[in-house]
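Student: Following is a predicted model, sequence given first.
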Amino acid sequence: MAIYVIGDVHGCYSSLKELVKKIDFNPKKDTLWFVGDIINRGPESLKCLKYVKKLGKSAKMVLGNHELHLLASYAGVKKYQSRSDTLQEILNHSDVS
């Protein structure tokens, strides 16, 4: 049983998948901690979130400032403004209600 820690993925799904493959992660016996900033800036934030969710109980996640920014945007506390933000795909997804 191994414990791995990954942070600052920033929506780079291909890099995330490559890294998980490189460490030979086994969701049946290993734990993978995501320590913030899974989303935003990169091209595939939604894919990254779906991937983490698909890992089920083998994945644990600590929210980073980009996840908090997403939640604030969704709640209307902070406007989605930055040109470099790539949160709109998540905010527009059918799972978001």
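Tutor: That came in fine, so what should we check first?

Student: so where is this structure shaky, pLDDT-wise?
Tutor: 80-81, 97 (pLDDT under 70).

Student: And the strands in it, which stretches?
Tutor: If you assign secondary structure with DSSP state E, the strands in the chain sit at 3-6, 31-34, 59-61.

Student: Remind me what the shortest one packs against, helices and strands.
Tutor: So that's strand 59-61. strand 31-34, helix 45-54 (3 or more Cβ pairs under 8 Å, 6 or more residues apart in numbering; DSSP states H and E). Where you see a C-beta, it was placed from the backbone N, CA and C, and this is true even at glycine.

Student: so which of the strands of the chain is the most packed in?
Tutor: Per residue and on average, the most neighbours among the strands of the chain fall to strand 31-34, with a mean of 18 (mean count of other Cβ atoms under 10 Å).

Student: So what touches it?
Tutor: The contact list for strand 31-34, computed with Cβ atoms under 8 Å, 6 or more residues apart in numbering, reads 1-7, 9, 20, 25, 52, 55, 58-62.

Student: Between the helices and strands packed on strand 59-61, which one is closest to residue 76.
Tutor: Counting by Cβ to Cβ, residue 76 lies closest to helix 45-54 out of those; the figure is 19.8 Å.

Student: ok, now which ones touch residue 23?
Tutor: Contacts for residue 23 were tallied using Cβ under 8 Å, 6+ apart; they are 2, 4.

Student: if you set the cut-off to 10 Å instead, what comes out?
Tutor: 2, 4, 6, 30, 32 (Cβ atoms under 10 Å, 6 or more residues apart in numbering).

Student: same deal with residue 46?
Tutor: The neighbours of residue 46, taking Cβ under 10 Å, 6+ apart as the test, are 11, 13, 39, 86-93, 95.

Student: How much space separates it from residue 72?
Tutor: Remark: distance between residue 46 and residue 72 (Cβ to Cβ, to the nearest Å) = 18 Å.

Student: and the helices and strands packed on strand 59-61 as a markdown table, adding distance to residue 68?
Tutor: Written out in a markdown table, the entries for those read as follows (distance: least, Cβ to Cβ, whole Å):
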| stretch | distance to residue 68 |
| --- | --- |
| strand 31-34 | 14 |
| helix 45-54 | 14 |
